[in-house]
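Colleague: Sequence plus the predicted model coming up.
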There are 2 protein chains.
Amino acid sequence: MAKADRAKKNLREACLDEALALIEESGTEKLSLREVARRLGVSHQAPYKHFQSRDHILAEIVARCYADFAHHLDSRPRTGDPHEDMAEMGRHYFDYAARHPLQYRLMFNTALPPGDAHPDMTKQARHAFTLLRAALADLPDRAPVEGLPASVDLDALFVWSAIHGLVSVLHSDALDSVDIDKAALEAAIPGILARIGRGLGPAPEDR
Amino acid sequence: MAKADRAKKNLREACLDEALALIEESGTEKLSLREVARRLGVSHQAPYKHFQSRDHILAEIVARCYADFAHHLDSRPRTGDPHEDMAEMGRHYFDYAARHPLQYRLMFNTALPPGDAHPDMTKQARHAFTLLRAALADLPDRAPVEGLPASVDLDALFVWSAIHGLVSVLHSDALDSVDIDKAALEAAIPGILARIGRGLGPAPEDR
DNA sequence: ACGAATGAGTTGACACTGTCTACTTTTGGG
DNA sequence: CCCAAAAGTAGACAGTGTCAACTCATTCGT
C-alpha cells in the first residue's frame, strides 16, 4: 500500500502528515505517536528516531502552521490603497481560519510546548505578526486614542485582538452554548472589519 | 492532616479543589484523577464514586468557572451612565482574566468535553454572555455599520471578540514569540477599550 | 576495498494513565 | 437491630510516552 511505501521513503514527513490527520480526527490531546506508528505500519519506536518526543513533533507541526499561515497572509493581492490592503489582510486572516480551523487552533488555542525549547516555532510566529505590523504602518490616518501615545504596536494589538478574538469565539466550544442570532453570525466578519476600521481611523466622515 | 480530614468529610469538593490545583501546576492535559486521589490519601478509584469520568470532573470545574466569572461581571458597581457601565464591565472582564488566568483558559482556551453532554456547563456559559448583551442593549447611541442591519448580537460579538481577543493574545504562548513594544503592552487595555468605544459609537465628536 | 561508525528500525520493559469489575466497609433509615 | 445503599478499596486491562538494548543497512575514512 502507498502509505507503507511512503513510510519507507520518508518516515519523518509521513509521521507529520499522519499526526496532523490524527489530531484532526480526535484532537491534540489524543495524539498518540504509537497510533501514528501503527497506521504507518512501523514499530512503535520508529517515530522516535525522527522526533525527540511527542512535544517535538507537535512543535514542528505548529511551526509549519505558522509558516503556512504567514505565507497565506502575505500572498494576498495588493492594491495600492492601504485601507483596502488592511481589510484584505483581515479577510485573508478569516479565510485561513475558516479553511484551516485545525491549524488555527493548533497555533492559538492549544497549550503549546514551551516556546524557548522550540526556537523555530517561535521564529515562524514572529514572522506572521510582522506582516500585520507592516500593513498597519502603511495606514496613513490612524488616530491615536486621547491620553495614550500613538503606537503601531498598540494598534496592531487592537486589530489582532479583534480579529483573533472573533475567530476564537467562532471556533469556541463556548459559542455553542450561547445561542447568538444567526444573522449576526453571518454578518460577523464584515461587521467586525468595519468596526475595526472605525475604531482605528479618524472621524468617519473623512474616509 | 487537614487534607485527609477534608477528604473524609467531603471528598467530592476536595477532589474539585485538588484537581484545580493540579491543573494550575501542570496544565489540563496532565490532570490525573489518580494523582488527585493520591494527594488526598484515598484509593485511585475513590473519585470515581463522585464523578463518572475525567471529563465530568472537568465539566464541573468549568461550569463553576463560568458561574464565578458571570458573578464577577455582574457584581461591578453600576453608575447610571450606560457608556461608563460598558467600560466598567470591560475592566471587570480584564480584571477577572488577569486574576484568574487559569480559570479563563479553562473556559475559553481548552478543548472542552462536548457541551451537549454537560448541560450545566453550557447553561452557566450562556448566562455570562447574557450579561454582555444586556449592557450593550442599554447603550443608546450605537451606530450600525453601513450595509448591515443593526443588531445587539452583532455588536456583542464585536465587543466580546475584541476583549476576549486581547486577553487571549496576552495570555497566549504566541505572544512571547512576537516581542511587542513594552509600552504598548501596558497601554493595551485602556487602548482597546477606547477603540472599542470608538468602533461601536457614532462619529467621535458627539460623544 | 574493507572495517568502523552512524543512522534507522525493532523489540521489550517500565511507570504511568483512565476505566471496568468485584470486593469490603461505613452508615443511615425503618 | 438489620439491611440496603453509598463510599471506599483492590485488582486487572488496555492504552500511553519513553528508556535501553538489539539488529541491519548504508556510508565514510583509511
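Modeller: Right, received. Where do you want to start?
Colleague: How about the residues of chain A by DNA strand D?
Modeller: A:31, A:32, A:33, A:34, A:35, A:44, A:45, A:48, A:53, A:54, A:55 (CB under 7 Å from any atom of the strand). The way it works is simple: take the backbone N, C-alpha and C, and place the C-beta from them, glycine included.
Colleague: go again using 6 Å as the cut-off
Modeller: Applying CB under 6 Å from any atom of the strand, we find that chain A lies next to DNA strand D at A:32, A:33, A:34, A:35, A:44, A:45, A:53, A:54.
Colleague: In helices only, show me those residues.
Modeller: Using DSSP state H, the subset of the residues of chain A next to DNA strand D located in helices is A:33, A:34, A:35, A:54.
Colleague: Give me the buried subset of those residues.
Modeller: A:33, A:35, A:54 (16 or more other CB atoms under 10 Å in any protein chain shown).
Colleague: got those residues as TSV, with distance to chain B and pLDDT columns?
Modeller: Conversion of these to TSV gives the following (distance: CB to the nearest CB, whole Å; pLDDT from 0 to 100):
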residue	distance to chain B	pLDDT
A:33	15	96
A:35	16	96
A:54	11	93
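Colleague: Name the nearest residue to residue A:32, sequence neighbours excluded.
Modeller: Once flanking residues are discounted, residue A:32 sits nearest to residue A:22: 7.3 Å by CB to CB, 6 or more residues apart in numbering or on different chains.
Colleague: Show residues contacting the helix or strand harbouring the one you found.
Modeller: Assigned by DSSP states H and E, residue A:22 belongs to helix A:11-26. Residues external to helix A:11-26 that are found in contact with it (CB atoms under 8 Å, 6 or more residues apart in numbering or on different chains): A:3, A:6-7, A:30-33, A:35-36, A:39-40, A:42, A:46-47, A:49-51, A:57-58, A:60-61, A:64, A:102, A:106.
Colleague: Any chance of a PyMOL selection covering the buried ones in those?
Modeller: Applying 16+ other CB under 10 Å to the contacts of helix A:11-26, the buried members can be selected in PyMOL as follows:
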select buried, chain A and resi 7+31+33+35+36+39+40+42+46+47+50+51+57+58+60+61+64+102+106
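Colleague: does the residue positioned nearest the centre of chain A belong to a helix or a strand, and which?
Modeller: By CA atoms, centre = their mean, the mean C-alpha position of chain A lies nearest to residue A:104, the distance being 3.9 Å. Under the criterion of DSSP H and E, residue A:104 resides in helix A:101-108.
Colleague: following that helix, which helix or strand comes up?
Modeller: Sequence order places helix A:119-137 as the next helix or strand after helix A:101-108, per DSSP H and E.
Colleague: angle of that next one against helix A:101-108?
Modeller: Per axes from the mean of the first three to the mean of the last three CA atoms, to 10 degrees, the angle that helix A:119-137 makes with helix A:101-108 is 100 degrees.
Colleague: host element of the closest residue to chain B within chain A?
Modeller: Scanning chain A for proximity to chain B using CB to the nearest CB identifies residue A:165 as nearest, at 2.3 Å. For residue A:165, the host element (DSSP H and E) is helix A:152-171.
Colleague: Distance from the chain centre to that helix, please.
Modeller: 12 Å (CA atoms, centre = their mean, to the nearest Å).
Colleague: what's the answer for stretch A:188-204, then?
Modeller: With CA atoms, centre = their mean as the basis, the mean position of stretch A:188-204 lies at 22 Å from the chain mean.
Colleague: for stretch A:77-94, same thing?
Modeller: 17 Å.
Colleague: what comes up buried for that stretch?
Modeller: A:82, A:83, A:85, A:86, A:87, A:88, A:89, A:90, A:92, A:93, A:94.
Colleague: Tabulate these in JSON lines, adding columns for secondary structure and pLDDT.
Modeller: Output for the buried residues of stretch A:77-94, formatted as JSON lines (DSSP: H, G, I helix; E, B strand; the rest coil; pLDDT from 0 to 100):
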{"residue": "A:82", "secondary structure": "helix", "pLDDT": "89"}
{"residue": "A:83", "secondary structure": "helix", "pLDDT": "87"}
{"residue": "A:85", "secondary structure": "helix", "pLDDT": "90"}
{"residue": "A:86", "secondary structure": "helix", "pLDDT": "89"}
{"residue": "A:87", "secondary structure": "helix", "pLDDT": "90"}
{"residue": "A:88", "secondary structure": "helix", "pLDDT": "93"}
{"residue": "A:89", "secondary structure": "helix", "pLDDT": "93"}
{"residue": "A:90", "secondary structure": "helix", "pLDDT": "93"}
{"residue": "A:92", "secondary structure": "helix", "pLDDT": "96"}
{"residue": "A:93", "secondary structure": "helix", "pLDDT": "95"}
{"residue": "A:94", "secondary structure": "helix", "pLDDT": "95"}
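Colleague: Tell me if whatever helix or strand residue A:185 lives in is near chain B.
Modeller: Using DSSP H and E, residue A:185 sits in helix A:182-200. Yes: for helix A:182-200 and chain B, the contact criterion (CB under 8 Å from any CB of the partner chain) is met by A:183-185, A:187-188, A:190-192, A:194-196, A:198-200.
Colleague: So among the residues you listed, which ones count as buried?
Modeller: Buried members of the residues of helix A:182-200 next to chain B, scored by 16+ other CB under 10 Å, are A:184, A:187, A:188, A:190, A:191, A:192, A:194, A:195, A:196, A:198, A:199, A:200.
Colleague: State the distance from the third one to residue A:98.
Modeller: As judged by CB to CB, to the nearest Å, residue A:188 and residue A:98 stand 11 Å apart.
Colleague: How about the first one?
Modeller: The gap separating residue A:184 from residue A:98 is 17 Å, by CB to CB.
Colleague: hang on, the earlier thing: quick one: contacts for the nearest residue to the residue of chain A closest to chain B once chain neighbours are set aside?
Modeller: Leaving aside its sequence neighbours, residue A:165 sits nearest to residue B:165 (CB to CB, 6+ apart; 2.3 Å). For residue B:165, the contact set (CB under 8 Å, 6+ apart) comprises A:160, A:161, A:162, A:163, A:164, A:165, A:166, A:168.
Colleague: So, low pLDDT: which residues of chain A?
Modeller: For chain A, the stretches flagged by pLDDT under 70 are A:1-9, A:113-116, A:173-174, A:203-207.
Colleague: Appreciated, that's everything.
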